[in-house]
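Enquirer: could you look at this predicted model? Sequence included:
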Amino acid sequence: MQFDFGALRRFPDVEGEGLEASDAADRLLLDEAAVRLAASVPGEVVALDDAYGALALGAVAAGARGIRVHQDAITGERALAENARRFGLTGDELPVSLPLGPELVAGARLVLLRLPRSLDRLDELAGLVAQHAASDAVLLAGGRLKHMSLAMNDVLGAWFARVDVSHARQKSRVLTASGPLGLETLAPRPARDGAAWPRAQRDPELGLTVVAHGGVFAGTGVDIGTRFLLRQLGAAMPDAASAVDLACGSGVVAAWLARERPRIVVHASDRSAAAAASARLTAAANGVADRVRVTQADGLEHLADASERLVVLNPPFHSDAALHTGIAAHLFADAARVLAPGGELWCVWNSHLRYRPLLERIVGPTRQIARNPKFTVTASTATG
């Protein structure tokens, strides 16, 4: 049956002008997979990094059933469920969301992947499919040309015997990887870049071990904005019994706070499953897992109103591939809700984004703590 891409919604993710729930790459992927989808047996199809459900729901419309799916963002997983409800899907038409792991792809013969921008994320996903899907599995990976590179072919070629490239259509293209090189074939060869996922690296300047899955912001490194923020955090509500690391990424800020303040409890959250898993591992690697509580969540939905005195944030300013301030505004509003009167949001941001008026309006009076040529650190006080 014909699938109505225009009916897809991003909700509960940020919506707005220029933010779409699907694009030409999703449509091309499904067209390239159409024959395989129509001939598929229930349980053979998997969709990975399917932003808001276009691939999984489009595959259902093409005849596939029992589809397994993994989306890194919890908002994407919820959008898929909401879109499936609005399309009236029931029974084995409903895609089943699973965590990233062998069970997700075990026995799969067709995997649809929306190409991630991160080569590390692609490597982790391709390796999972090659090692745990069926021996004749085919991986179709599609994306927009502006976000694709020849290096993606090389990453897939490390895990599959053959990689074919489709013709471009509407500035999109699909890579078809076949002949997965399973564990037995790969055993004599080192993993890409010499290590399996997740990976760990010691940061000598901070004295922290950073652990990260593929695609997590900054990977096992520490970005310069976070470094700048950490230099200022000693003065941030020093008597607070707990703190929040909002949009925690690999958990560097949470681990640093827990180490520097031996009595504090840190609530770390991120909408990304890979980030939440990485933050747990980073806390454990630095001996503070007992005081860092990590939750995959949409903002701070798991914390009560007016319950915290300190929230720390290095906000993302991209929503998928689109530059958009909506995600930062959403996080500022959640911080304002959770902060007790007099509590503070300490935030680092690219100076050109000029977030101070937005912080003043959403959170409260905002003072500049530090500024360098690229970044600004501010503290905003909740007025209650």
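Expert: Received, thanks.

Enquirer: what's the local residue count around Ala333?
Expert: 15 (other C-beta atoms under 10 Å). (Glycine included, C-beta is placed from N, CA and C.)

Enquirer: nearest residue to it in space, please, no chain neighbours.
Expert: Take Ala333 and drop its neighbours on the chain: the residue closest to it by C-beta to C-beta, 6 or more residues apart in numbering is Ile362, 5.4 Å away.

Enquirer: mind checking how far that neighbour is from His267?
Expert: Taking C-beta to C-beta, to the nearest Å as the measure, Ile362 falls 20 Å from His267.

Enquirer: for Ser149, same thing?
Expert: According to C-beta to C-beta, Ser149 and His267 sit 37 Å apart.

Enquirer: and the two? which has more neighbours close in?
Expert: Taking other C-beta under 10 Å, Ser149 and His267 do not tie; His267 has more neighbours (23 against 13).

Enquirer: is the closest residue in space to that one that isn't next to it in sequence in a bridge, and if so with what?
Expert: Computed as C-beta to C-beta, 6+ apart, the closest residue to His267 that is not its neighbour in sequence is Val244, at 4.9 Å. Counting by DSSP bridges, Val244 is bridged to His267, Val311.

Enquirer: what is the neighbour count of Val244?
Expert: Residues near Val244, counting by other C-beta under 10 Å, number 29.

Enquirer: and it, what does it touch?
Expert: By C-beta atoms under 8 Å, 6 or more residues apart in numbering, the residues touching Val244 are 266-269, 300, 303, 308, 310-312, 335, 338.

Enquirer: let's see 10 Å
Expert: 253-254, 257, 265-269, 300, 303, 307-313, 334-335, 338-339, 343, 345 (C-beta atoms under 10 Å, 6 or more residues apart in numbering).

Enquirer: and Ala297, by the same measure?
Expert: Ala297 neighbours (C-beta under 10 Å, 6+ apart): 74-75, 246, 267-271, 276, 303, 334.

Enquirer: likewise Glu124?
Expert: Counting by C-beta under 10 Å, 6+ apart, Glu124 touches 100, 116, 118, 155, 192, 196-199, 213-215, 274.

Enquirer: export those residues to JSON lines and tack on neighbour count, distance to Pro180 and secondary structure?
Expert: Formatted as JSON lines, the contacts of Glu124 follow (neighbours: other C-beta atoms under 10 Å; distance: C-beta to C-beta, whole Å; DSSP: H, G, I helix; E, B strand; the rest coil):
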{"residue": "Leu100", "neighbour count": "21", "distance to Pro180": "17", "secondary structure": "coil"}
{"residue": "Pro116", "neighbour count": "21", "distance to Pro180": "19", "secondary structure": "coil"}
{"residue": "Ser118", "neighbour count": "16", "distance to Pro180": "21", "secondary structure": "coil"}
{"residue": "Val155", "neighbour count": "24", "distance to Pro180": "14", "secondary structure": "helix"}
{"residue": "Arg192", "neighbour count": "19", "distance to Pro180": "15", "secondary structure": "helix"}
{"residue": "Ala196", "neighbour count": "12", "distance to Pro180": "16", "secondary structure": "coil"}
{"residue": "Trp197", "neighbour count": "19", "distance to Pro180": "17", "secondary structure": "coil"}
{"residue": "Pro198", "neighbour count": "19", "distance to Pro180": "21", "secondary structure": "coil"}
{"residue": "Arg199", "neighbour count": "20", "distance to Pro180": "22", "secondary structure": "strand"}
{"residue": "His213", "neighbour count": "24", "distance to Pro180": "21", "secondary structure": "coil"}
{"residue": "Gly214", "neighbour count": "23", "distance to Pro180": "18", "secondary structure": "coil"}
{"residue": "Gly215", "neighbour count": "23", "distance to Pro180": "21", "secondary structure": "coil"}
{"residue": "Ala274", "neighbour count": "26", "distance to Pro180": "22", "secondary structure": "helix"}
